[in-house]
Each structure stands twice: as structure tokens, then as C-alpha cells.
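Peer 1: Any chance you can model this:
(2 chains)
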2 protein chains.
Amino acid sequence: MDAHEKGFFTEADSVEVVTGRNANAKDARLAEVMEVITRKLHEAVKEIEPTQDEWFEAIQFLTRTGHMCNDWRQEFILLSDVLGVSMLVDAINARRPTGASENTVLGPFHVADAPEYEMGTNICLDQKGEDMVVRGRILDTEGNPVAGARIDVWQANDEGFYDVQQKGLQPDFNLRGVFTTGEDGTYWFKAVKPKFYPIPDDGPVGQLLGRLGRHPFRPAHLHYIISAEGYDTLTTHIFDPDDPYINSDAVFGVKESLLADFRKESDPAKAAAMGFAGPYWDVSFDFVLARA
Amino acid sequence: MDAHEKGFFTEADSVEVVTGRNANAKDARLAEVMEVITRKLHEAVKEIEPTQDEWFEAIQFLTRTGHMCNDWRQEFILLSDVLGVSMLVDAINARRPTGASENTVLGPFHVADAPEYEMGTNICLDQKGEDMVVRGRILDTEGNPVAGARIDVWQANDEGFYDVQQKGLQPDFNLRGVFTTGEDGTYWFKAVKPKFYPIPDDGPVGQLLGRLGRHPFRPAHLHYIISAEGYDTLTTHIFDPDDPYINSDAVFGVKESLLADFRKESDPAKAAAMGFAGPYWDVSFDFVLARA
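Peer 2: Take a look at the predicted model:
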């Protein structure tokens, strides 16, 4: 019998020694997950060959990350985000047929019970920022309009902050709203052009980004949850393709298919017809829902 | 240009998208380490295909593990221990020529400045437990005795506790001592037979072990740090091969080469010669040091 079959540790059989202990696991899925985690972790350690000091640095990093977590700050989710893990888990759980709009991460700033509005309403409640109209259609994968689709939208303001980050400085429910499509599947609403913003970078994850020569910014975007009876709920963003951080989103949320058309409209007649005093941003994007 | 070369996320190229961001890292070793960690982490996620709930369970587990850490409890080290990572890092950093004694993990209970004793001293200061003599030789890989070798030994008592875990209940420096070999390289001292004990299992790591059907026990052992001028310092344990947990050490510290000979000696004449009132354990083990 080999040493590892007796439960004794060897460098060569390290994975088998450890995962062999899970034979009586009470939770078969957990045992399956831990088998993969143990195997990949040992593969990583064998490839990295960390010194004892490097191993302890990793222990201390994880400890600081844990100590940074509280009711309003989740540093391990940030770590998952900046390592692309959150996006990968989202992608795995939202595989859709070709032609359907792609998912991206939900993010921490969604609020339930945002106000329901008529199409065309301006969701910017404090008039701060560059005027913007957002419009398009909700379609099925055959190109037919989806009636009764619920569009829950939220975004940062022109300084890169969500209302919930600036309680008292922004009106409650600023730049949030829920719209429902009619028979033609079209939607439109007014807002202000959002701005890029940093993820919280005053903790261990921000320090890691710094040492890796990475910035903490997310390019400007609008968040959506679009749901309709009989269709897969779509949680996604649309992005400004001209944002300075469009190719380097700190959390990897950008997919090529989610770049919207952000066009500056300077025609005074069109601005007047929209009720704007001057030039505005005309943003168009069609969303395609996959059948459930 | 492919989407991932523009920095946009795709499931297929998820690793390249993330590690591509480290091109300007200030710390080349960190970038190398994070490339491996990111790649292995994404491989694990792609193999596991976690649901969003499972991903969040992992986030919560890491958070609880971080919150459990304080000045006297290091739950991430425990996690590293029970996943065999601590032993693997130790093995990688202590590869030695064939015939040299193998390392094992240091553990958290070493104390600097333990008393220096003459050979034959009893390091059990409270007379509690089954008498034991431990003896053997410190040799080089050619079988020659090593003179001037410093043997720093420590162990749990017959209830499975170290002195530092029972301040006031055990004398300070109970079951600890430092011995130095003479020209013949032999060593011997008296103590009591140590007992198996559990690692701290009232936290998230203990809960993980429970769900995996694993116990938290370490088989009975004696710790050693053996150092000598011109030789690689050896940090190791010796184990009782008849311990009930010898094949299932919760932290994988057991190596087959570290099983000692624990023999019960019942000859009254030998006991009397040792100064013991009755039967005792006669433990023998030779340590072989590799040249530095």
C-alpha cells in the first residue's frame, strides 16, 4: 500500500491524500466542489512554489480582506469582481442562444421598489448633468416586439455616484425607474449622461490593484433588469463606447455586445421637441430576450 | 481584433482578459503569482459551474473565516492546514536528499527560550501522565554522529493540551526543553506520553470539516526543531504509530518516515534504573540532518 493510501502526506499525492478524507461527506455537492478546489489549489501551489513568507503574506491578505467586510462593505465580493470571477459565474449562469442580449453583473446598487413611470419620464430628479434620451426596443430572438416587458433601470449621476451613496445630496430614487412596454415593444426615458466611477479602493483589494498597476474604475454605464412573462430575465448594463475606461473595466463587466450608441444631438429643433434647452445625448439600444 | 484583446469579457477567454490587465504591475513576482491564481481559480469555476447561491455561500464562508481571525486565532491558517496547503508549502520548501529526515509543519505552539537541560532530564514538570523515555541519535546522511546539534522539543500533555493553552493549570514550560548533543550524537530525555488533540473546531473551518464527514483530531506527536552548524534546520514531529488518528491527521502532518517506535517497557529493573515507579514507554528515533 502506498503512503498516501494510508493517509500519510506526500508531495506527489497531496491531492489524493486530502480529498480522500471526504469519503463520508454529508453533502455530496460540497465534497464535489471541495475536490475541485483542493486539486486546483494544490496545482497552483505546486506551480507557484511560494516561500513560507509568501504563503503567510497570502494568509494576511485574506485576513485583512475578511476584516474589511461589514454590513455595508463586502471586500471578498470586490476580490471576486477584480479577478473576473463574478463575471465568470454570471456568464456560466446566463448562457443564452445567439442573438439574445448578454447578461452582466448585477452590482451592489440595485434598489427594489423604484418608482414606476410612464415612457418618456425624466428619471434625473435634480437636473444635474448632461441631458440624455435613452430609447430602443425589447424584442424576442425572432425580432418580434415584447409587450408588457418590465424595464428596471438605474445609473450613477454625472459625478459617478448612485443616489444610495449620496443620501441627502441626491434625491431618493434619483436616476432610477421602472417602465413597462406596450404592444410595439419600444421604450424611452430621459436621464443624464452617467460618468465612470471607482470601486471602493481603500482596502486590501485596492492595494492589490495598485501593486498590479491596475486602476479601480468602471466605465460609464446604465444598469437594467428586464423581465417579461415567458422570457429569461436579463440583468445587464449598456456602456458608453467612448468612455476612457471602456477597455479596462476594473470588474470586467463590459461585453462587446453591450456597447450602446451614444450620439450627441445638437439640432435645436430636436432639443426643443424633447424639452431640453440645448444639445443632448441620444442613446439607442435594443434588448433581445431569450425564451425561458 | 478579438473581443478579449480589446479588454472585453468573454467566458472562453476569461483568464487572458483578467491577467492581461497586469502588464504594468509594479511587482513582477506578484503578477506571476496572480496569473497562476487567476488561471487556476477560473479553471475551478469552469469545472464546478457554481450557481449564484453557491458563489455567495463561498463569499460568506470566506467572510466568516476572516471575522474569526484575531490576535490569538488564525482561521485562514487552519483552512490552509485542513486543505493540506500548509503541508504542501512546507514540503516544497524542505526538499532534502534521500535518507535525510523529512520536515513537517511547525504548528502554532512553539515557544522561544525554552529551558536548556542536561541529557536525561524529565521535561514533564507536573508528573501527570504515563512515563516515557525518548532517545536516539542525530546523524548526518553518511551515518556519522552530529555533535553540537541543538534539539528543541515540545509536546502536548496526556490530556492533549500544550502548557500555553493551560496557563495556570500546567507549569510554565511544561513539556518543553532544549538539549545539545555531545560527540556521539546521542540524545535522551524523559517526558510523558502525549495524547491526540483537536484543532480548534468551533469556527467555519470546523463546520466545513463536519459537513465533509471529517474529524478535527491530530494524532499524538512530539515536535522538534533540530539545528546544527552546517546543516539544514529540521522542523518536524515524530508520531505514535498506534494512535487512533494516525491515518487521518486533520492537518496532514503525518509522513510515513516520521512514525517512531513506541514500545511499552514493563521490566521492573529497567524502570528502576530509569527512576520510574512502574512500566514506561520507550520511544526511539534517529534524526538525519542534510548538509546546508
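Peer 1: quick one, strands of the stretch 51-200 of chain A?
Peer 2: For the stretch 51-200 of chain A, applying DSSP state E, counting those that start in this stretch gives strands covering A:131-140, A:150-155, A:176-180, A:186-192, A:197-198.
Peer 1: okay, and for the stretch 1-150 of chain A, where does confidence drop off?
Peer 2: Across the stretch 1-150 of chain A, nothing is flagged by pLDDT under 70.
Peer 1: Nearest to chain B: which residue in it?
Peer 2: In the stretch 1-150 of chain A, the residue found nearest to chain B is residue A:66; the distance is 1.0 Å by C-beta to the nearest C-beta. The way it works is simple: take the backbone N, C-alpha and C, and place the C-beta from them, glycine included.
Peer 1: and the stretch 151-292 of chain A, which residues reach chain B?
Peer 2: By the rule C-beta under 8 Å from any C-beta of the partner chain, the part of the stretch 151-292 of chain A lying against chain B is A:208, A:210-214, A:246-249, A:252-256.
Peer 1: And those residues, which of them are buried?
Peer 2: A:208, A:212, A:214, A:246, A:248, A:249, A:252, A:253, A:254, A:255, A:256 (16 or more other C-beta atoms under 10 Å in any protein chain shown).
Peer 1: For burial, what's the neighbour tally of residue A:292?
Peer 2: 9 (other C-beta atoms under 10 Å in any protein chain shown).
Peer 1: what's the distance between it and residue A:229?
Peer 2: 9 Å (C-beta to C-beta, to the nearest Å).
Peer 1: confidence score at the closest residue to residue A:262 other than its chain neighbours?
Peer 2: Distance criterion C-beta to C-beta, 6 or more residues apart in numbering or on different chains; nearest residue to residue A:262, sequence neighbours excluded, is residue A:240 at 4.9 Å. Looking at residue A:240, its pLDDT stands at 96.
Peer 1: Backbone dihedrals for the closest residue to residue A:103 other than its chain neighbours, please?
Peer 2: Nearest non-adjacent residue to residue A:103, counting by C-beta to C-beta, 6+ apart: residue A:94, 3.6 Å away. With angles defined as degrees, to the nearest 10, residue A:94 sits at phi -140, psi 50.
Peer 1: neighbours around residue A:94, how many?
Peer 2: 20.
Peer 1: Help me confirm that residue A:100 comes into contact with residue A:142.
Peer 2: No: counting by C-beta atoms under 8 Å, residue A:100 stays clear of residue A:142, with 11.1 Å between them.
Peer 1: show me where the stretch 101-250 of chain A has helices.
Peer 2: With DSSP state H, counting those that start in this stretch as the criterion, the stretch 101-250 of chain A has helices at A:204-211.
Peer 1: Tell me how far the residue positioned nearest the centre of chain A lies from residue A:92.
Peer 2: Residue closest to the average C-alpha location in chain A (C-alpha atoms, centre = their mean): residue A:105, at 2.6 Å. As for residue A:105, its distance to residue A:92 is 12 Å (criterion: C-beta to C-beta).
Peer 1: now do residue A:199
Peer 2: Distance of residue A:199 to residue A:92, given as C-beta to C-beta: 22 Å.
Peer 1: if we can go back for a sec, what sits closest to the residue of the stretch 1-150 of chain A closest to chain B if chain neighbours are left out?
Peer 2: Closest to residue A:66 by C-beta to C-beta, 6+ apart is residue B:66, at 1.0 Å.
Peer 1: Tell me how many other residues surround that neighbour.
Peer 2: 21.
Peer 1: would you turn the strands of the stretch 51-200 of chain A into CSV with mean neighbour count and distance to residue A:269?
Peer 2: Listed next are the strands of the stretch 51-200 of chain A as CSV, based on neighbours: other C-beta atoms under 10 Å in any protein chain shown; distance: least, C-beta to C-beta, whole Å:
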stretch, mean neighbour count, distance to residue A:269
strand A:131-140, 21, 14
strand A:150-155, 22, 27
strand A:176-180, 20, 26
strand A:186-192, 20, 17
strand A:197-198, 18, 34
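Peer 1: is it true that residue A:214 touches residue B:23?
Peer 2: No: using C-beta under 8 Å, residue A:214 is not in contact with residue B:23, being 9.5 Å away.
Peer 1: Right, I'll call it a day here.
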